[in-house]
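Chemist: Need coordinates for the below:
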Amino acid sequence: MGGAEAGGVLAGGSGCGRAGGEEGKEQNRRPVVNQIEVHPFNTNTEIATFCRKNGIQIKAYAPLLADGICSTAQECEEERIEANKNVEGIDISEEDMKRLGGLDEVLVMAWNPTNAL
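Modeler: Numbers count the residues shown, from 1 in each chain. Coordinates of the predicted model:
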């Protein structure tokens, strides 16, 4: 698992799969944050559920389904970063969120940490 160890917890993990999380629990260490790929076509439900049950904040790259997930901006141009902050007035209905949630096809756009240690 990635991250800096600090008194029984890891300050952060990157792409820790459930297996890595279980290993951390056995060693009395766990990440406080786990950065994983989450979007409508890959909800990473198993890892997300594990994280939630174990008090691990999910930080997602490519998120659209917020659902308590902290997002990571993948932008480096200051003008676009500012534009991305101005998302006021965007409301996605509960019905549309359910539709988006049903699009999962485990499309992995990065690497797949599902069984990573």
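
Chemist: any chance you could map the helices in the chain?
Modeler: Counting by DSSP state H, the chain has helices at residues 18-26, 45-53, 78-85, 94-101.

Chemist: on contacts alone, who are the packing partners of the second one?
Modeler: This points to helix 45-53. helix 18-26, strand 33-37, strand 57-61 (3 or more C-beta pairs under 8 Å, 6 or more residues apart in numbering; DSSP states H and E). (Glycine included, C-beta is placed from N, CA and C.)

Chemist: which one of these has the lowest average pLDDT?
Modeler: Lowest mean pLDDT within the helices and strands packed on helix 45-53: helix 18-26, a mean of 55.

Chemist: Take the helices of the chain and write them to TSV, including distance to Val108.
Modeler: As requested, these are exported to TSV (distance: least, C-beta to C-beta, whole Å):
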stretch	distance to Val108
helix 18-26	15
helix 45-53	12
helix 78-85	24
helix 94-101	18
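
Chemist: For Ala60, which of those helices is the nearest?
Modeler: helix 45-53 (8.9 Å; C-beta to C-beta).

Chemist: The helices of the chain into JSON lines, with extra columns for mean neighbour count?
Modeler: Below are the helices of the chain laid out as JSON lines (neighbours: other C-beta atoms under 10 Å):
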{"stretch": "helix 18-26", "mean neighbour count": "17"}
{"stretch": "helix 45-53", "mean neighbour count": "17"}
{"stretch": "helix 78-85", "mean neighbour count": "10"}
{"stretch": "helix 94-101", "mean neighbour count": "11"}
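
Chemist: For those helices, which has the smallest mean pLDDT value?
Modeler: Note on those: lowest mean pLDDT is at helix 18-26, with a mean of 55.

Chemist: burial of His39, as a residue count?
Modeler: A total of 18 residues lie near His39 under the criterion other C-beta atoms under 10 Å.

Chemist: 683 is where my numbering starts, stick with that
Modeler: In the new count, where the first residue is 683, that last one comes out as His721.

Chemist: how far away is it from Glu761?
Modeler: For His721, the distance to Glu761 equals 24 Å [C-beta to C-beta, to the nearest Å].

Chemist: again with Leu785
Modeler: The spacing between Leu785 and Glu761, counted by C-beta to C-beta, is 31 Å.
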